[in-house]
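**Q** Sharing a sequence plus its predicted fold:
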Amino acid sequence: MENTEAKGTVENTEAKGTVENTEAITDTGEPGAKKSRHSGKNGHKIVLQIGAIIIVLFTLVTIAVGNMVTMSSFSTALSSNMALFSIYMENLGDTVEAYKTMNWLIDYWRDNSKTLIKKGIGKESDDDIDDILKQLSRVYPKDVTEEDITKLSPEQQERFAIYCYYEIQDIYRLYQDDDDDIAILMAMTEKEGDDPFVLLSNTPEEDGVLFGERENIDEIQEVIENTTVASEAEVWKWAFSTPDNQMLFGKSMPVDGYTGTSKVEMLGVFSAEMIYEDMVYTDHIKKDVIVMMMFVLLLILLGLYFIVPRPLEMVKKCVSEYSNTKDTDELTRKLSTIHSKNEIGAFADEFTSLALEMDRYTREMERLAGEREKVATELNVATNIQMQMLPQVFPSGAGFVVSASTYPAKEVGGDFYDCYMIDDDHMALTIADVSGKGVPAALFMAVSKTMLKNRTIVGGTPAEILHDVNNWLCEGNDSCMFVTVWHGILTISTGELVSANAGHENPGVRSGGSAFSLVKTNHGAPLGLVKENEYNDEHNVLSRGDALFVYTDGVPEANTTDEKMFGEERLEEVLSAVSKDDAPDAIMQKVKEAVDEFAGDAPQYDDLTMLCIIMNP
């Protein structure tokens, strides 16, 4: 009891220290607490400073983006022209290939070019061609087949070839506008390295020579080659390099309808009306803007460095040194040299105040640590006293072996057991669990244990004993604490066990050579709650080799980290697995090991107490 009073005094001292510590930490009006030199003045300074820089940067970026958009529009226009021109050429190719006699026409134009030029060919009349089509039973010239051609006379073949020539030329001219932006021709190359043989063009010479001459069209082929390799993003760069300061696009397509040994293809060139000098000027502007932006960006980065990174680096360095030296005065001196008129300067001031508070807090914690160490020492003494209240040496005799153990969840627990001889032939066995933990439970435990033992020695059955002790504990129990109790009296000579249960766990019994099992008993109410509670006596006989195992709820209610409980079924499994040769200590040790293995890293949830007796082992 003296130990418990001492414990209460210690707890009061600790609580008082905590209150004092709280007051010390929250009292910022003490000397040494530094008020921020930036408080209430520059709450948004850093935002304004960085905002001004961002506005300048945004303006420059807008100019640069506008310039980039202009250049992008050039590229987009060129890409659109290239795509449209490709569609023109593909449509024209489809139209030409629709002529079933294209293979024959190309060979005829090539073989008879000089004769046709010498005659000064002109377009045949529609009536002449109609007669030919009527003779061949065809509607359009493109429907005439090479087999049909063999049915015509040489004169008719010539008129048919001339008519088709002008008809296809008219188709070519459909893709020519007033400004002559598109030039399309059909050429044949017979040998590698020779100049192409011009067969057809949408821009004939004024003298009427339409075909039959070899032409050097390297420039057209160069335009086509450049167009082929130019990507959408780079085509305007290639256009700058054209000698006549214009952008030219080109495309070549083989004439699939021709199956001869020579190479026949359609060549097209498109000229865009976009002035070279304007684009070069725009390109120079872009370069100047880029250089200017790089210079301004350098100035902006330098300004940002002095606004944010540099003072932050100074704060970081001061904090790092403080973490090693814990020199608050030196920290205060260095942080006072940071003159940033923004939130970083305010942060430096606030950190200085925090360091002063931490210094005061550390001293307070050191004082409390000394008090806690004193409390721990006194709790250790209290624990030793409480353990000394429990039997350390158990009754012994030829007819039985008994032992008990307890493992409190805190330094001072609320579980207890008792085992003592009432007379030469009767032994009292008690195990109990007080509500709560710590010092209050220990106080109630000491009172309950003393009352139970004193009442048992007077005499009576376990039910009568529990009835009287319950009434005593109810008197003055304003805190409404209670204790669950299993109390039994064993007659050693006969093995008869009379017991009563006040809300405690079911005992484990091994009898008749069978394994342990938990025996359900009549449970009365725990002691200390309501006066005049009645309890029932249970009668059992323990023969040679029989055993009794009683325990507190710390065994079945042991928890894992995920809140799973050990449970009565698992306890039965452990007890059933013990050997008949195991002594009480060995049985209790196996149960404790099983509980520890099940709980794993989870802290002990409740006091754990066990008592075991074996008859005539």
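**A** It's in. Residues are numbered from 1 along each chain as shown.

**Q** Mean confidence (pLDDT) on stretch 598-607, please.
**A** Across stretch 598-607, pLDDT averages out at 86.

**Q** start to end distance for it?
**A** 16 Å (C-alpha to C-alpha, to the nearest Å).

**Q** going forward, begin numbering at 21 instead of 1
**A** That works, and once the first residue is 21, the last one we named lands at stretch 618-627.

**Q** Any chance you could list what contacts it?
**A** Around stretch 618-627, the neighbours that count as contacts under C-beta atoms under 8 Å, 6 or more residues apart in numbering are 426-429, 433-435, 453, 457, 572-574, 577-581, 586, 590. No exception for glycine: its C-beta is placed from N, CA and C like everyone else's.

**Q** among those, which are in helices?
**A** Judged by DSSP state H, the subset of the contacts of stretch 618-627 located in helices is residue 590.

**Q** starting at the chain centroid, how far to stretch 344-353?
**A** Chain-centre distance of stretch 344-353: 39 Å, with C-alpha atoms, centre = their mean, to the nearest Å.

**Q** For that stretch, what does the pLDDT average out to?
**A** Mean predicted lDDT for stretch 344-353 stands at 73.

**Q** cool, and stretch 590-609?
**A** In this model, stretch 590-609 carries a mean pLDDT of 92.

**Q** Tell me the buried residues in it?
**A** The neighbour-count check on stretch 590-609 (16 or more other C-beta atoms under 10 Å) flags 590-592, 594-595, 598, 602, 604, 607-608 as buried.

**Q** Residue 560: which of those residues is nearest?
**A** When these are ranked by distance to residue 560 (C-beta to C-beta), residue 595 comes first, at 16.7 Å.

**Q** Check the gap between that closest one and residue 588 for me.
**A** Per C-beta to C-beta, to the nearest Å, residue 595 is found 10 Å from residue 588.

**Q** what does residue 183 give?
**A** Distance, residue 183 to residue 588, using C-beta to C-beta: 111 Å.

**Q** So which of those two has more stuff around it?
**A** Neighbour totals were compared for residue 183 and residue 588, and residue 183 leads with 19 against 15 (other C-beta atoms under 10 Å).

**Q** Pretty sure that one sits against residue 149.
**A** Yes - assessed by C-beta atoms under 8 Å, residue 183 is found in contact with residue 149 at 4.8 Å.

**Q** got any residues that touch both of those two?
**A** With contacts taken as C-beta under 8 Å, 6+ apart, residue 183 and residue 149 have residue 161 as neighbours in common.

**Q** Low-confidence stretches in the stretch 221-370 of the chain?
**A** Low-confidence segments of the stretch 221-370 of the chain (pLDDT under 70): 223-236, 238-239, 245-268, 292-309, 323-330, 342, 346, 355-370.

**Q** And the strands in the stretch 121-270 of the chain, which stretches?
**A** Secondary structure of the stretch 121-270 of the chain by DSSP state E, counting those that start in this stretch: the strands cover 202-209, 217-221, 267-274.

**Q** Just put those in TSV and tack on mean neighbour count.
**A** Formatted as TSV, the strands of the stretch 121-270 of the chain follow (neighbours: other C-beta atoms under 10 Å):
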stretch	mean neighbour count
strand 202-209	22
strand 217-221	21
strand 267-274	20
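
**Q** Adding distance to residue 191, write the ones you listed out as TSV.
**A** Listed next are those as TSV, based on distance: least, C-beta to C-beta, whole Å:
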stretch	distance to residue 191
strand 202-209	10
strand 217-221	10
strand 267-274	14
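
**Q** out of the ones you listed, which comes closest to residue 393?
**A** Among the strands of the stretch 121-270 of the chain, strand 267-274 sits nearest to residue 393 (C-beta to C-beta), with 89.9 Å.

**Q** For the contacts of stretch 618-627, which ChimeraX command selects only the ones that are buried?
**A** Buried residues among these (16+ other C-beta under 10 Å), as a ChimeraX selection:
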select :426,427,428,429,433,434,435,453,457,572,573,574,578,579,586,590
